[in-house]
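Engineer: A structural model of the following input is requested.
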Amino acid sequence: MSEREREYQGDAVVDHHTRTRKPRPYNVVLHNDDYTTMDFVETILVTIFHHSHALAAQLMLEVHTKGKAVAGTFTREIAETKQAEAVALARQQGHPLKCTVEPA
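Structural biologist: Just a heads-up that it's a prediction; the model follows:
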């Protein structure tokens, strides 16, 4: 690092060219199965992913007809938390919902 890029302040060196980047986005994907009800998938989309009822219904139909749909895109930690919440609620209600996290 050149002298122009640093500023000395007492005993500390301050670097003025620190770069940060946005965290990589991850999709939480809901997958279709023959046992989880469409109503329950819609409930997950409203309660955990905070979609409106209209959008939740649209996404639920996408899961049902296309086999999967993106429930939301988040940072990795948030995506994994949302996935865990969805699966835990599904298991509590007796549904074998498959929910995955994958890079966007």
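Engineer: Flag the shaky bits of the chain, pLDDT-wise.
Structural biologist: Applying pLDDT under 70 to the chain flags the ranges 1-16.
Engineer: now the strands: where do they sit in it?
Structural biologist: 6-9, 12-15, 26-31, 68-74, 98-103 (DSSP state E).
Engineer: Surely Lys82 touches Val70?
Structural biologist: No - in this structure, Lys82 is not within contact of Val70 by CB atoms under 8 Å, at 11.6 Å. For every residue, glycine as well, the C-beta is placed using N, CA and C.
Engineer: With neighbour numbers in mind, choose between the two.
Structural biologist: Legend: neighbour count by other CB atoms under 10 Å for Lys82 and Val70, higher for Lys82 (21 against 15).
Engineer: residues touching the closest residue to the more buried one other than its chain neighbours, list them.
Structural biologist: Excluding its sequence neighbours, the residue lying closest to Lys82 (CB to CB, 6 or more residues apart in numbering) is Val28, at 5.1 Å. Residues near Val28 by CB atoms under 8 Å, 6 or more residues apart in numbering: 49, 70-74, 79, 82-83, 86, 99-101.
Engineer: Of these, keep whichever come out buried.
Structural biologist: Buried members of those, counted by 16 or more other CB atoms under 10 Å: 49, 71-72, 74, 79, 82-83, 86, 99, 101.
Engineer: ok, those vs Met38, which is closest?
Structural biologist: Ala71 (14.2 Å; CB to CB).
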